[in-house]
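Asks: Give the three-dimensional model of this entry:
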Amino acid sequence: MFAAINFPDFDPVFIDLGFLQVRWYGMAYLGGIILAWLYLVRLNRPKYWPGTPPLTREDVEDLVVWSIVGIVVGGRMGYVLFYQPAAFLADPLEIFAIWHGGMSFHGGFLGVVVAIIAFAHFRDKPLWTIADQFGCVAPIGLFLGRCANFINGELWGRTTDVEWGVIFPHAIPHGVPRHPSQLYEAALEGLLLFVILRLLFTMTELRHKPGFLGGVFIAGYGLARFTVEFFREPDSYLGLLWFDLSMGQLLSIPMILFGLFMMIRAQRTA
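Replies: Sure, this is the predicted structure:
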């Protein structure tokens, strides 16, 4: 008989004020945004740039606001269109019902891409350099978001007999140990990817090859997500799709390819 870990009795509500509940997931978004803003400011310190840094403090503040809109709009649209198309076809207004829950990273990623392109165009800023810097800060939010997924006891992994398997109370069938895939994602998409990009930014000259670090993030995330999906329970309403791959894996493949394209392009044009 193998050991298993009972899911800790986490309260998904961080603060309950009676008239308002602040949940851990909301705190993850808030913390990710604040830390991303502070880190973007640090990445634009003069010591990293021979001339004028790409972004001023005011630029960073405005860019963060643009990105928040991209994350929320893109994340919601991606979730409804990628994962719940039937609900959208039945009621197109469902795409605006953010209070029903559901956010897609891939949709949020596309929303941020649109926001970055628009910001660079209207503010006459270097698009590929902004993409690099966002690649460096994005793992912060990913790490916090995946930790919040674990606290909420959602997006659990597939059944397992490993010693660190966790019994999630809401998973069906009940009482069966599962991979804590949320923590796998937090470690790979968040912590590991942040460290890699931090070292590449500060200890190499790759920050001066516009698009390379952004490509590392996009390909790195896609590879990490594709790998962890083998341990994560597929969405019940979708299951496994082509070639026994999940929707998350199918959406990650173009990210890996595009990230590789960005790195190759950056090397050739530097």
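
Asks: Could you list the low-pLDDT ranges of the stretch 151-270 of the chain?
Replies: 236-238, 270 (pLDDT under 70).

Asks: Helices along that one, start to end?
Replies: Ranges of helices in the stretch 151-270 of the chain, per DSSP state H, counting those that start in this stretch, are 181-185, 193-203, 212-228, 247-269.

Asks: And the residue nearest the centre of the chain, how close does it get to Leu260?
Replies: Most central in the chain under C-alpha atoms, centre = their mean is Leu142, positioned 4.2 Å from the mean C-alpha point. Look at Leu142 and Leu260: by C-beta to C-beta, to the nearest Å, they are 20 Å apart. All C-beta spots, glycine's among them, are computed from the backbone N, C-alpha and C.

Asks: Then Gln133?
Replies: Distance, Gln133 to Leu260, using C-beta to C-beta: 20 Å.

Asks: try Glu229
Replies: Separation of Glu229 from Leu260 (C-beta to C-beta): 19 Å.

Asks: and these two? which has more neighbours close in?
Replies: Under the criterion of other C-beta atoms under 10 Å, the comparison of Glu229 against Leu260 puts Glu229 first, with 24 against 15.

Asks: mind listing what that one touches?
Replies: Leu245, Ser246, Gly248, Gln249, Ser252 (C-beta atoms under 8 Å, 6 or more residues apart in numbering).

Asks: Repeat the analysis, applying 7 Å as the threshold.
Replies: Taking C-beta atoms under 7 Å, 6 or more residues apart in numbering as the contact definition, Glu229 lies against Ser246, Gly248, Gln249.

Asks: Same check on Val114?
Replies: By C-beta under 7 Å, 6+ apart, the neighbours of Val114 are Gly70.

Asks: Which element, helix or strand, includes it?
Replies: helix 105-123 (DSSP states H and E).

Asks: Over to Lys125?
Replies: When the helices and strands are read off by DSSP H and E, none of them contains Lys125.

Asks: change the start of the numbering to 34 and stick with it
Replies: In the new numbering, first residue 34, that becomes Lys158.

Asks: Now do it against Met296, distance only.
Replies: 21 Å.

Asks: Grab the nearest non-local neighbour of Thr235.
Replies: Spatially, and ignoring its direct neighbours in sequence, Thr235 is nearest to Tyr81 (7.6 Å; C-beta to C-beta, 6 or more residues apart in numbering).

Asks: so where do the strands sit in the protein?
Replies: 38-39, 46-49, 54-56, 199-200 (DSSP state E).

Asks: Columns distance to Arg75 on top of these, output as TSV?
Replies: Below are the strands of the chain laid out as TSV (distance: least, C-beta to C-beta, whole Å):
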stretch	distance to Arg75
strand 38-39	37
strand 46-49	27
strand 54-56	27
strand 199-200	35
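
Asks: Spit out the contact partners of Gly244.
Replies: By C-beta under 7 Å, 6+ apart, the neighbours of Gly244 are Trp161, Ala164, Asp165, Met295, Arg298, Ala299.

Asks: returning to that earlier point: what's the angle between the helix holding Val147 and helix 245-261?
Replies: Put simply, helix 138-156 runs at 170 degrees to helix 245-261, going by axes from the mean of the first three to the mean of the last three C-alpha atoms, to 10 degrees.

Asks: Tell me how far Ala153 lies from Tyr81.
Replies: Counting by C-beta to C-beta, the gap from Ala153 to Tyr81 is 19 Å.

Asks: neighbour count winner among the two?
Replies: The residue with more neighbours, out of Ala153 and Tyr81, is Ala153; 17 against 14, by other C-beta under 10 Å.

Asks: ok, the residue nearest to the more buried one when sequence neighbours are not counted - how many residues close by?
Replies: Spatial nearest neighbour of Ala153, excluding adjacent residues (C-beta to C-beta, 6+ apart): Leu160 at 3.9 Å. Neighbour count for Leu160, taken as other C-beta under 10 Å: 15.
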